[in-house]
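Enquirer: Return atomic coordinates for the entry below.
(chains A, B and C)
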Amino acid sequence: MLVVLGLWWTLTSGCGLIDPNRFPDPAETWAALQQILTPGYAGGTLVQQAWASTRLVLLGFAVAVTTGVPLGALMGLSRRAESLLNPAFLLLRPIPPLAWIPLAVVWLGLGDGAKILVIWIAAFVPCVINTWTGVRGADLTLVAAARVHGADPVRVLLEVILPGALPMIFTGLRLSLQACWTTLVAAELVGTLYGLGRVLDSAYRDVNPAMILVAMVTVGLLGAATTRLIAALERGLTPWQV
Amino acid sequence: MAGLKRRPGRYESWGLSLLGLGLFLGVWQVLAVGMTAGPQVLPAPLAVIETTRHLLVAPFAGHTLLGHLAASLQRFGLGFGLAALVGVPLGLAMGRFGWLDDLVTPLFEALRFVAPLAWVPFAVLWFGTGIGGPVMVIFAGAFPPCLVNAYRGARQVEARLVEAAQTLGAGPLRIIVEVLLPGALPAIVAGLRVAAGLAWQSLIGAELIVAGAGLGFVMVQAQSSLSPQIVMAAMAAVGLVGMLIDIALRRAEWAIRRQWDQLA
Amino acid sequence: MKDIRFDGVGKTFTTRGGAACVVLHDIDLTVQAREFVAVVGPSGSGKTTLLRMAAGLDQPSAGEVRVGGRRVTGPGPDRAVVFQHFALFPWKTVRQNIAFGLRCQGASRARQTVAVDRYLALMGLDDAADRYPSQLSGGMQQRVALARSYAIEPDVLLMDEPFGALDAQTRTVMQEELIRLSRQEPRTVLFITHAVEEAVYLADRVVVLAHDPGRLREIVDIGPTRAAEAWNTRPIHEVMELPSFTHLRTRLWRLLRDQIRPGN
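Expert: A predicted model of the protein is given here:
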C-alpha cells in the first residue's frame, strides 16, 4: 500500500515522469475528493451521485432476480417449458446487454426507466442460466429419498431442489451483479443527469484526470462492496457449505 | 419430481421449440403492428430484416454495415490479441514465481472491480478516440480472464512435472513454455472464450461512447436519428458476430479438452 | 563419477499450527561413486525427504549435502531423479520425453537422435517411440522415465520408489532390467524403497532408517555377497532363492519390524 503510494507520488509529482494532464498526482486527487465531497461536482456530492448509481443497480438487480430465478427454475423443472422458451432465449442471448442501451433510450428516454431496463437485461441472463443449470443438476437420489419419506412435489422443490441449486444460483447472482455495474456505467456514460457515469463524463469533458480517478475508484469500491454483500448473503443462506 | 421424470418425446420437444419461436416472433409482430406509435418505437421482425439488407449495400453513418463490422472487428482483434499476449504469459509466470504473484495480485484485486467501461475516460485521454482508446477498453475487459485462467491452470499443473523438468536441467523459461503452457492449455482456452465475450461486449460499449465507426457507433447514430429499425439491425449483427466468435472458440476448447483428456 | 555426502543433515518442517516437526535428524551418509545404495524405512522416516535434498528440491535445515564435493543448492542435470509416478510429460511423445533433458542442455539435433535411439533400444521401447505416455502400460511408462533420466548422462541417479506404482510381475521384470542397465551404465545411485527384497536384490549397501524422528539405524553391506555369488549375472528368481539372499532379507526385516513395533 505504502509502496504504491510512494511510487505514485514519485512518478507524478516527484520527478514528473507522467504528464499531470494524463494521470493525476496524489495531491490533486485529494483535492478532487474534497471538492466532490462538500460542494459537489456535476450536479451533486459524491454520496448523492454514488447513491443514484447504486439505487439503479440494486433496483435492476432485484427485478432481474425476481424474474430470472423463477423462470430458470421453471426451465430446469419442466422439459416442456425449456423447449418452449429456449428458442427466444437463444435468439436474445448473444446480444450483449450494452447493445440494448440505444434501443432502451429510444423507447424510454434518458431517465431511470431505460437504465433499469438494460440493467435488468444484463442481470437476467446469468440468473436464468445458473438457476436452470442448478435445478437441472438436482441430485435425483435426494429427490427420491424425499419422496419415499412422503414429501409432496412442492415440498421437494422448496426443501430439496432449491437448496441444492443455491450455490449455483449464487454464482449466477455474482455474475449478474458484475454485469449490472458494467452496464450501468456504460448507460450513464451514454447519457444521464446524475450518477457516477455522469461524474466520469463531466470529468472527461473538463479534462480533470483527478476527478476521473476518484469516480473510477468509487465505482470499483461499490462493485466490491455489493459483491461482498452477496457473498455474506450466500454464507448466511447456505451454512452447510465450507 | 413429476416434471423431472416426464420427459417429452423428441418430436414433441421440437414441436414445442418451433411453437416457442413462432410465439416469440408472433407476439413481436403483433406488438409492432398494434402499437399506436407504429414502427417508430418497435419495428416488426420483417422490417428489421429489410433494414439489414438495405444497410448491407447503402452506407449509414459513413460506411455500409460490413464496413462498420470491419472497423469493429479490427479493434476487437487488437484489444483481444493484446490481452491474450500479455495476460497469458503473465498469468503463467505468476503461477511459477511466488514473488511475482505477491507483486501483481494486490494490484489486480484492486482493479478487478472497476467496470471495463469506467476506463473509457482515461483510455480516450491517453490513446484518443480512434483505435487506441477503444482498444484499451477492450483490453481492460478481456485481460482479467486471460490472466486468471492462465494462473489457475499453471497452479493446477502437477508439481512433480515441474520438478522433473527442473531435475532434467530446464530453466524457468523452458518450464513455463514446455510444462506450464501445455499443462494449462485447457484452462487457458476456456479463459480466452470468456475473454472474447467480455471483449466483444466492451467493444460495443466503447463504440457507443467514443468512436467514429463501428457497430456501436451505428447504434448511437441510429438512436439520435430515432431509427429503431437500424438500431435493431445493428443489434442483430452484434449478436450474430458475437455468437460466431463464441462458437469458434467453443469448438477449439472442446477439441483441446478432448485431446488432453485422452493424454491424461 | 561423483559421490553423495550427507553431513549432519537434518530437516524440520513447521506445521500449520506452528509446531516444529523433525523429519530427519543428524544424518551422516556417504554414497561412493558408482555405488548403489538403497534406503529402506517405515513410512514417515523421511526417506523421500533425504532424496529430495540430494536432488536440490528441498533444502536441509541443518548440515549440508554435497555431490561430487560441491554443495547442493538446487536441481541440476548432474543428478537425475526417477519419480514414483513417472512424471512423464503427457503432451510429449516417448521420443520427445526422452529428448527433453538433452534439449535443455542445448545438445545438437544429431546428438539428441543418437542418444534417444540408443536408450529406446536399450529399454526395448523402439515400437513405442512415437506414442504418448497415456497409451503405454505402467511398466512401459517407467521404462521411458528411466531412459529420460539416463539420457542426460547424469553422474548421480536418485530414484524415489520408482517401482512402487507397478504390479508385482512388472516390478520383478523392471528390477532385472535395472540390474542389467546399471551393469552396462554404472552410476552413483540412491534408491528409495519400502520393499526389503527389492533393496537386497539391487543394492550394494542398504541403509535402514528409524522414524520419529527419521535417523540412521543401521547400514547392511550386500556388495561382497553380491560379488562373490555373481548375483548380477543370474536371473532374479534364482538369486532370491539363494540362502545368502534369504539370510540378508530376514536380517533387514527384523531391523524394520523393530522399528514398526510400538514402544520400541
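Enquirer: tell me which element residue 106 is part of?
Expert: In the absence of a named chain, this looks at chain A. Per DSSP states H and E, A:Val106 falls inside helix A:101-108.
Enquirer: wrong chain, I was asking about chain B
Expert: Assigned by DSSP H and E, B:Pro106 falls in helix B:98-112.
Enquirer: And chain A, is that helix touching that?
Expert: Yes - if you take Cβ under 8 Å from any Cβ of the partner chain as the test, helix B:98-112 does meet chain A, through B:Leu107, B:Ala110, B:Leu111. (Each C-beta comes from the backbone N, C-alpha and C, glycine too.)
Enquirer: Using a markdown table, lay out those residues together with neighbour count and pLDDT.
Expert: A markdown table is the format used below for the residues of helix B:98-112 next to chain A (neighbours: other Cβ atoms under 10 Å in any protein chain shown; pLDDT from 0 to 100):
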| residue | neighbour count | pLDDT |
| --- | --- | --- |
| B:Leu107 | 10 | 79 |
| B:Ala110 | 15 | 75 |
| B:Leu111 | 14 | 79 |
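Enquirer: what comes up buried for the one helix or strand B:Gly15 maps to?
Expert: Secondary structure from DSSP H and E places B:Gly15 in helix B:10-34. Buried residues in helix B:10-34, counted by 16 or more other Cβ atoms under 10 Å in any protein chain shown: B:Ser13, B:Leu16, B:Ser17, B:Gly20, B:Leu21, B:Phe24, B:Leu25, B:Trp28, B:Ala32.
Enquirer: The last one touches B:Val48, doesn't it?
Expert: Going back to what we said before, that points to B:Ala32. No - the pair B:Ala32 and B:Val48 fails to qualify as a contact (Cβ atoms under 8 Å) at a distance of 9.5 Å.
Enquirer: For C:Trp253, give me its contacts.
Expert: The neighbours of C:Trp253, taking Cβ atoms under 8 Å, 6 or more residues apart in numbering or on different chains as the test, are C:Val196.
Enquirer: So it, which state does it fall into?
Expert: Here C:Trp253 is recorded as helix under DSSP: H, G, I helix; E, B strand; the rest coil.
Enquirer: Which pLDDT does the model give it?
Expert: Confidence at C:Trp253, expressed as pLDDT, is 91.
Enquirer: likewise A:Cys15?
Expert: Note on A:Cys15: pLDDT of 64.
Enquirer: what's the answer for C:Pro262, then?
Expert: 57.
Enquirer: Include distance to C:Gln141 and pLDDT when you put the buried residues of helix B:10-34 into JSON lines, please.
Expert: Listed next are those as JSON lines, based on distance: Cβ to Cβ, whole Å; pLDDT from 0 to 100:
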{"residue": "B:Ser13", "distance to C:Gln141": "46", "pLDDT": "79"}
{"residue": "B:Leu16", "distance to C:Gln141": "51", "pLDDT": "83"}
{"residue": "B:Ser17", "distance to C:Gln141": "48", "pLDDT": "82"}
{"residue": "B:Gly20", "distance to C:Gln141": "52", "pLDDT": "83"}
{"residue": "B:Leu21", "distance to C:Gln141": "53", "pLDDT": "84"}
{"residue": "B:Phe24", "distance to C:Gln141": "55", "pLDDT": "83"}
{"residue": "B:Leu25", "distance to C:Gln141": "58", "pLDDT": "84"}
{"residue": "B:Trp28", "distance to C:Gln141": "60", "pLDDT": "82"}
{"residue": "B:Ala32", "distance to C:Gln141": "66", "pLDDT": "76"}
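Enquirer: follow-up on the earlier one: tell me if the helix holding B:Gly15 is near chain A.
Expert: Yes - residues of helix B:10-34 contacting chain A under Cβ under 8 Å from any Cβ: B:Glu12, B:Ser13, B:Trp14, B:Leu16, B:Ser17, B:Leu18, B:Leu19, B:Gly20, B:Leu21, B:Leu23, B:Phe24.
Enquirer: tell me the mean pLDDT over the longest helix along chain A?
Expert: Longest among the helix segments of chain A by residue count, using DSSP state H, is helix A:46-77. Averaging pLDDT along helix A:46-77 gives 89.
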